[in-house]
Structure formats: structure tokens, C-alpha cells
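Asker: Sequence first, then the predicted structure, then my questions.
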Protein chains: 2
Amino acid sequence: MNENTLRVQVLETGQNAKKAARELACLSGEQRQKAIAAMPEKLQQVKDRLFQINREEVIEARGNGLPEFLVKRLEITDNVFTYMINRLEKVASLRDPLNRILQGHEEPGGLMVQKISVPIGVIAIIYESRPSVTTDAASVCIKSGNAVILRGGSESLRTNEVLTDAMVEALKENDVPEYAIQIIRIPGHEAVSEMLKMDECIDVLIPRGGKPLIQRIARGTRIPVIKHYEGICHLYLAEDAPPDMAVQIAVNSKCQRVEVCNALETLLIDERSAGYLLPDLVRAFGERQVHLRGCEKTRAIIRDIAEATEEDWVSEYLAPILSIRIVNGLEQAIDHINKYGSAHTDGIVTQNMSLARQFVQAVDSASVLVNASTRLSGGGDYGMGAVVGISTDKIHARGPVGPEELTSYKWVAYGEGHIR
Amino acid sequence: MNENTLRVQVLETGQNAKKAARELACLSGEQRQKAIAAMPEKLQQVKDRLFQINREEVIEARGNGLPEFLVKRLEITDNVFTYMINRLEKVASLRDPLNRILQGHEEPGGLMVQKISVPIGVIAIIYESRPSVTTDAASVCIKSGNAVILRGGSESLRTNEVLTDAMVEALKENDVPEYAIQIIRIPGHEAVSEMLKMDECIDVLIPRGGKPLIQRIARGTRIPVIKHYEGICHLYLAEDAPPDMAVQIAVNSKCQRVEVCNALETLLIDERSAGYLLPDLVRAFGERQVHLRGCEKTRAIIRDIAEATEEDWVSEYLAPILSIRIVNGLEQAIDHINKYGSAHTDGIVTQNMSLARQFVQAVDSASVLVNASTRLSGGGDYGMGAVVGISTDKIHARGPVGPEELTSYKWVAYGEGHIR
């Protein structure tokens, strides 16, 4: 495609999205809800074609030498399909995130002031191969009254087209502007480069993928970016941590799924409990083929494990590897987390309310868990239904990003001739 | 100063701020409140020296040919001093914006989930000559538990140093880390350029000044910027607008202070009320020496006013000039505002609830006022005490930015061995 045609097409997508966003902002919550609720049926209707095209793309990707774990992400199995349908139903059923009165009061002079949630406008989501992001992200955006521009991986373009077309059918049948969900149908990096320039049309960019992708996007645009960086997650077992709970939470945090951002990467153990906790932990992780790397003090107790270096404390393994450090009390645990962590998800196991409160206040992370697995920070266990990702930013959205996090607000003041 | 020394000094400021921010996050609201409450006395103690140094800088600025309206901004009069003191007292008395439970519920499985307001971290404020920004911004940041790096105009550097030193005294006496308020003491653009690179230390940048300054900063940094662009503010007088209220609100919106961002720039009048509203409006604005520019329809009714062009609809006059357009109903008013406006502050005068609701929903602006002057959108009339500015962004903070807008949040989940 010639460069000029490409630019015109991408720009047109942006302008259509902007127009759709204005209309979306004036629809009722019921209308948006109905459109999302109609999506599962539309997906069922194209299921055969979806599976057929997806199979073709899987074969093509494998033929092109895409690593097998990425091919797996691209594949729509029956389980994945059911998951997509369930999420759409769940998102439809959530309460309307718009027109919430976030604050409201009457000023002494009688001016009635309200802070009301409104859509952000146009959200662009740039992601890799997983097609479930297509339905998750689109439904979360429509739920929150935002127009969305989707840009998935080129290897799943046709799969995503089928999904998008089906969702757009549901919009049209429910009088929601069809350009509220659009997909960039041009493969290659040039289309993304064009998107990054469209600060007139796009209000927020949400890149989902590896750190290099996110950094490249954040550095190449003036559009605000909600970033989803890595999770170097910690669990601190305090001196009074109940042994059974400590082992169970540590194992679940690390092993329930090793390749995700809120999986445990470094276990911090108080030196006063390390002596009796470590043998149980080593046994439990051994059974699950997790490779342990320990600090000097850890290796004084458990001699046959590898040494953890400075490099380990800043590593997001996403693999069955766990680094362990013995710390001298709460403060050292907090210092380690705030120094080496990525402010994503960190937890403590303790029965001491005062320790828990200090930990919660001092650990500067998006999610802080007390006596619970780090794996619970994905949003679902916070009641969110579906998310577009987990933000590591402190500006705007932090932690799981669901429909409410994709809203802005406006101030509305009602007077009766009030002047200054 | 050599470039390397400069870099080291600015970087050191950033690192000190980051350290102070960690400590601030763990202080109680009472401690922060006490420190701010102690500031007025500290300012009183240095008042003579402050006025002396400020006078010197005013003379110097005038000698350097700084335009007189900027010299006026730089000057600390008795009124300005009283204003600064009052604001500090007001900010101290506001409720603590931290540790608010923004959301909270228990999940069906018993996990207790809370979304809690926390400080953002380190905030850098880059502004021009007005010394009252120094005390306003510093106190709002401390109130919200953020460390602040101030960078005022070079022509008021010594004035701002005196103010900052006095506030830091109040911090020290109340065991709040002294580096929580710092000022960049190096004049010239190079220091600002260094600040823009410090994404490791600075969490948000808030530039206050003209559009070129803000754009230069937003384009030159990877740090999130809360932008304060211009206000092209509108007032729509609906067909049923009560004439007295309409004139009073229009006049106050335009004339109460013409040089500020929420002053009225374009008046939209419904064609069904223009015939009887316009003569009164022309008289009222005439008495106040406001120059009117009208659309064709306006000039058909009031013949002796200048013509308003496309250029006028996108102008922030900040001067006694007002453009007037006659529109055919609510929808045209909304379209005009969303097309030409700057999404800052817009208002409607109507007694019709349905019109008001449609206007509030469809106008995509930070502040929407019903039967009230646009001048009320500064934050004070929303109950804010003091603000660091009025954001035109939709991400994070929108409209007036007070202590609550300078917070982020964290998710905290309390379990009893909850796993996934």
C-alpha cells in the first residue's frame, strides 16, 4: 500500500472514532449494555467461519516460524471461545460506569456541584496475538462509552476481523454507532506509526505486550499512554506467618500460572521464621519443579540451591524460577520491595494487624495483598468482570483497568443566577 | 555554571524529592496538616525581608524591560501576601485527601477489597512569575503527600527562595522531610531541560503558563504532564433564558476578570430570544467597554458592531472583546462548543430541565455550568481551597486540580489465606 493511502485510511479511522465517541457519550447505559449483550449471539453465528480462519492463521503462523508459545496464544480453542462469550456476558451485566456522581455537595451559597464520570473519548489498543483481547477490550470500551480502535498482531488480523465484524453487527442492531469499534486492517508497522501521530483523534493509547513494545510506543507519541510494564512481584512472610498459610499462598502465587505478570518472582522471609518455614517451602516448590535461587542467609539454611544475585532481584522470570531472600524484619522487606520491585503486586502473610497496616501503607505498589495470593490482583477477584490490562502507572489508572478506570469526569455546577 | 555541575545539582534535587516522597507517604494526615498550618507564621517572620527582596526583583524586572503586566504579577503587595496566608490556612484545614476508601466491598469468597487514595510521588511545577503559585502549589502538594520541585520564573527566583525557605522551616519543625519542598535555584532554561529528563525521579510535571511553554514541555519529556491549555469559554442563552439572569451571568462571565482562563470569550444566543436579549446585552457590555464582534445574524439585529470571523471562534482573547453568534437551538450551540471550544468551561442559561440535561451530557468540557457564571469553575467555588491549576486533560485530573486530584490510588485486598 502506498504511504499516502495508508495515512488517509488510518486518519479516517481516527476521525470516524472521534465522531462515534461524541455520539456514544450521549447514549444511555441501557443502550450500551444491550449492544454488548447482543455480541455473544453474533459470535455464535460466525463461530464456524471464525474457527476456520483462525485455524488457517495458526497454520500460517507456525509455517512462518512463530515460536510455539505465541502460536498457542493465537489459537481459539473451544475453551477460549467459551471464555470470550462469558466475558462479554459479564461485562454487559456490570453496572454502568458512566454518570456516576463521584462527588457532590452544595456550596454555602447554594451552588450545587457534582463531579460526574464521563467517557474518555477514543481509546486505541495495540496488542499482540491473543484474540480474546479483541472482545475483552472492545466490550470494556463500549461499556465505558469510549470508541475503540483495535490493532492486534498481524498474524491474527483475519481472526480479529471476524470478531470485530460480529461485534459491529451487534452495535448496529442496537443503534450504537458502528464506528465505535474499529480495527486497523493494514498489516505492518507503518499503520502503528500513523496511529501514534493522531493526538487529534486518539485520547489514550494502551499498548499490551512486552516491555520493548510498550517503551517504543510511549517514546514515539504525544498521546497519553496507559502502560502495562512487568510484574516483579514479592511475597513477604512475616515472623508470625502461619506456616500452612505461608506455604499455600507462596506456592499459589508462584505456581498457579508462572507466565503471567502477577506471578511471584521473589519470596522474602523474615529471619525469625526462615528456620522452620524454609524446609516446607523447599519441599513444596521441589514437588512443582520450581528452581530456587537464594541469598547467602538462605543458602546457609538450605545448602543445595543456587545463588541469587543482584540480577535476580530485578528479574521477571515468567518461568518456574523463584528467588528467595531472608530479611531482618518488616522494614527491610519494604525497602527491598520498593527498591527492586516494579510496583505491580506485592503481598504479606502475617496475623499482626499493625505489621499489615505498615506494609500496606509503605509498599508503593498498585496492588498490595494481605494473606492472599499475588495471583488475585488481575481484576476479576476485585469484581471487575473484564479488564484491558494491569497498569503500572500512577497517573489515571493503576492496577487492573476495567470499565470504571476508562472513564474521565466532568464538573457540573447548577446555580440560580450565581455569579462571582 | 558548568553543564555537568548543573546536571548533578538538578538530579540531586530529584533524588532527594523521591526519598522525601517515600517518607511523606507514611506520615499521618495530622502531621502534614500541622506542617502546613505552621507556614503562615513562618511567612510572617520573614515578611520584611520578603518584601524587600521582592521590591528589588520588581525594579530589576522593570529595568530589564519585562512588560508591565508581568511585572505586576511578580509583585507581592499586602493584598497578595494576605491572600497567600489565607490560602495556606485554608489548605491546612481541608480534609485529608489520602487514605480515602474510594471503593470497598467484600467479594463473594470473602476477600475484602479496597481502593485507597495514595500520593502520586514527586510533582514538578514549572511556572512563570506569580509568587503566590509557590505557596499554593507547595501546600497543595504537601497536603496530598507529594514531594514538590518548584521551578518559577528566573525574575522571581529570590522571592521564591525566601518563600520556600520559610515553608521548609515549617516542615522541619513538624518532622516532615525538608526535601518535600524544593526549589530549583539555577536560573536559565538548561535546568528545566534537565528536569524534563528525570522520569526516574519525577512522576508528574505541571507546567503553568502560556500554550507555547506547555507545548514545549509536553513535547520534550516522557514524564506525564497535566496540561493547562487555554479556555475558549462559551455561554449559551437558550430560548427561554430569563433576560435579567442571562445578562447578569453573561456580564459576570466576561467582565469579572477578563484576563483569566475561565472568562467568557463567545456568547451563543438562541435565535428565538436574540431579538429581545441582544439590545440589553449590547447596553450592558457597552457600559463596561467590551468590544463586541458578531455573526451575520447578530449584525442584522445590532448593526454597528464588528464582524466575527472563523478566527474569532477559536480565539482566547483574555481581553475586553466578546464574540457573539446566534444559533438555531440547543444542538447548534452544542456543535459550536464542541467544534470551536477548548473543553475548559462552558455554560447554559435556561429554566428547562431537559435542555439543561442534554447540554450537560453533550458538551465535552471539564466544567459545565447551568445558570451560573463561567468564572465559578476555578475550584474555590467547588470547595477546593487551593489549586495548582485547571487541567484541560481528560486523563487523570480534569478541571481544577486540588489536593484530591493530586492523588493516585492503590488496591488493597485482605484475605485469610485466599488463593486462586
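Answerer: Ah, there it is.
Asker: Let me know how buried residue A:321 is, in neighbour terms.
Answerer: 17 (other Cβ atoms under 10 Å in any protein chain shown). In short, each C-beta sits where N, CA and C put it, glycine included.
Asker: so it sits right up against residue A:291, yeah?
Answerer: Yes: counting by Cβ atoms under 8 Å, residue A:291 is a contact partner of residue A:321 at 4.8 Å.
Asker: near chain B, which residues of the stretch 251-400 of chain A?
Answerer: A:252-253, A:256, A:338, A:356, A:358, A:360-362, A:364-373, A:375-377, A:381-383, A:393-396, A:398-400 (Cβ under 8 Å from any Cβ of the partner chain).
Asker: swap the cut-off to 6 Å and go again
Answerer: Residues of the stretch 251-400 of chain A lying close to chain B by Cβ under 6 Å from any Cβ of the partner chain are A:252, A:256, A:360-362, A:367-373, A:375-376, A:382, A:394-396, A:398-399.
Asker: domain ranges for chain A?
Answerer: Split into domains by automatic domain parsing, chain A comes to A:3-226+A:401-414, A:233-381.
Asker: Just the endpoints, please. Distance across the longest one?
Answerer: Put plainly, it is domain A:3-226+A:401-414. 50 Å (Cα to Cα, to the nearest Å).
Asker: now do stretch A:309-319
Answerer: End-to-end for stretch A:309-319, by Cα to Cα: 17 Å.
Asker: Buried residues, it. List them.
Answerer: The neighbour-count check on stretch A:309-319 (16 or more other Cβ atoms under 10 Å in any protein chain shown) flags A:312-317 as buried.
Asker: How about stretch A:15-32?
Answerer: Neighbour-count burial for stretch A:15-32 [16+ other Cβ under 10 Å]: A:16-25, A:27, A:32.
Asker: Where do the helices of the stretch 251-400 of chain A begin and end?
Answerer: A:271-287, A:296-301, A:310-313, A:330-340, A:353-362 (DSSP state H, counting those that start in this stretch).
Asker: Now render the ones you listed as CSV, adding mean pLDDT.
Answerer: As requested, the helices of the stretch 251-400 of chain A are exported to CSV (pLDDT from 0 to 100):
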stretch, mean pLDDT
helix A:271-287, 97
helix A:296-301, 97
helix A:310-313, 98
helix A:330-340, 97
helix A:353-362, 96
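Asker: Which one of those helices lies nearest to residue B:158?
Answerer: helix A:330-340 (36.5 Å; Cβ to Cβ).
Asker: Now that closest one: buried residues?
Answerer: Quick answer for helix A:330-340 (16+ other Cβ under 10 Å): A:330, A:332-334, A:336-338, A:340.
Asker: Next: stretch A:173-193.
Answerer: Within stretch A:173-193, the residues that count as buried by 16+ other Cβ under 10 Å are A:174, A:176-177, A:179-184, A:186, A:191-192.
Asker: now that stretch: mean pLDDT?
Answerer: Mean pLDDT, stretch A:173-193: 95.
Asker: Just the C-alpha atoms of it, please, in PDB.
Answerer: Provided in PDB are the C-alpha atoms of stretch A:173-193 (Å, rounded to 0.1, in the frame of the first residue of the first chain):
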ATOM      1  CA  GLU A 173     -28.700  -3.600  15.600                       C
ATOM      2  CA  ASN A 174     -28.800  -1.600  18.800                       C
ATOM      3  CA  ASP A 175     -28.400   1.800  17.300                       C
ATOM      4  CA  VAL A 176     -24.900   2.200  18.700                       C
ATOM      5  CA  PRO A 177     -22.600   3.900  16.100                       C
ATOM      6  CA  GLU A 178     -20.800   1.300  14.100                       C
ATOM      7  CA  TYR A 179     -17.500   3.100  14.200                       C
ATOM      8  CA  ALA A 180     -17.400   2.700  17.900                       C
ATOM      9  CA  ILE A 181     -15.400  -0.400  17.300                       C
ATOM     10  CA  GLN A 182     -12.900  -0.400  14.500                       C
ATOM     11  CA  ILE A 183      -9.900  -2.500  13.700                       C
ATOM     12  CA  ILE A 184      -6.900  -1.300  11.700                       C
ATOM     13  CA  ARG A 185      -6.900  -3.700   8.800                       C
ATOM     14  CA  ILE A 186      -3.500  -2.800   7.400                       C
ATOM     15  CA  PRO A 187      -0.600  -5.100   8.400                       C
ATOM     16  CA  GLY A 188       2.900  -3.800   9.200                       C
ATOM     17  CA  HIS A 189       4.500  -1.300  11.500                       C
ATOM     18  CA  GLU A 190       3.600   1.800   9.300                       C
ATOM     19  CA  ALA A 191       0.000   1.800  10.400                       C
ATOM     20  CA  VAL A 192       1.000   1.800  14.100                       C
ATOM     21  CA  SER A 193       3.400   4.700  13.400                       C
END
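Asker: List the residues that contact residue A:277.
Answerer: Residues near residue A:277 by Cβ atoms under 6 Å, 6 or more residues apart in numbering or on different chains: A:237, A:246, A:269.
Asker: Mind doing that once more with 8 Å?
Answerer: Neighbouring residues of residue A:277 by Cβ atoms under 8 Å, 6 or more residues apart in numbering or on different chains: A:237, A:241, A:243, A:246-247, A:269.
Asker: So which of the residues you listed belong to strands?
Answerer: A:237, A:269 (DSSP state E).
Asker: nearest to residue A:81, of the contacts of residue A:277?
Answerer: Nearest member of the contacts of residue A:277 to residue A:81, counting by Cβ to Cβ, is residue A:247, at 36.3 Å.
Asker: Just the CA atoms of the helix or strand harbouring residue A:72, as PDB, please.
Answerer: Secondary-structure assignment from DSSP states H and E places residue A:72 in helix A:68-74. The C-alpha coordinates for helix A:68-74 follow below in PDB (Å, rounded to 0.1, in the frame of the first residue of the first chain):
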ATOM      1  CA  GLU A  68       5.100 -22.200  19.600                       C
ATOM      2  CA  PHE A  69       4.100 -20.300  22.800                       C
ATOM      3  CA  LEU A  70       3.000 -17.400  20.600                       C
ATOM      4  CA  VAL A  71       1.100 -19.700  18.200                       C
ATOM      5  CA  LYS A  72      -0.700 -21.100  21.300                       C
ATOM      6  CA  ARG A  73      -1.800 -17.600  22.200                       C
ATOM      7  CA  LEU A  74      -3.200 -17.000  18.800                       C
END
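Asker: For residue A:350, which non-adjacent residue is spatially closest?
Answerer: residue A:238 (3.7 Å; Cβ to Cβ, 6 or more residues apart in numbering or on different chains).
Asker: count of residues packed around that neighbour?
Answerer: 23.
Asker: quick one: pLDDT of residue A:252?
Answerer: Confidence score, pLDDT, at residue A:252: 98.
Asker: Which residue lies closest in space to it, excluding its sequence neighbours?
Answerer: residue B:419 (3.7 Å).
Asker: For that neighbour, give me the backbone phi and psi.
Answerer: Here is the backbone geometry of residue B:419 (degrees, to the nearest 10): phi -130, psi 180.
Asker: What of residue A:149?
Answerer: Torsion angles, degrees, to the nearest 10, at residue A:149: phi -110, psi 120.
Asker: And the contacts of residue A:277, which is closest to chain B?
Answerer: Set against chain B, the nearest of these by Cβ to the nearest Cβ is residue A:246 (9.3 Å).
Asker: give me the low-pLDDT residue ranges for chain A?
Answerer: For chain A, no stretch has pLDDT under 70.
Asker: The longest helix anywhere in it to helix B:330-340, inter-axis angle?
Answerer: In chain A, taking DSSP state H as the definition, the longest helix is helix A:3-24. For helix A:3-24 against helix B:330-340, the angle between stretch directions is 140 degrees (axes from the mean of the first three to the mean of the last three Cα atoms, to 10 degrees).
Asker: counting contacts, what elements does helix A:3-24 pack onto?
Answerer: strand A:122-126, strand A:147-151, strand A:181-183, helix A:189-196 (3 or more Cβ pairs under 8 Å, 6 or more residues apart in numbering or on different chains; DSSP states H and E).
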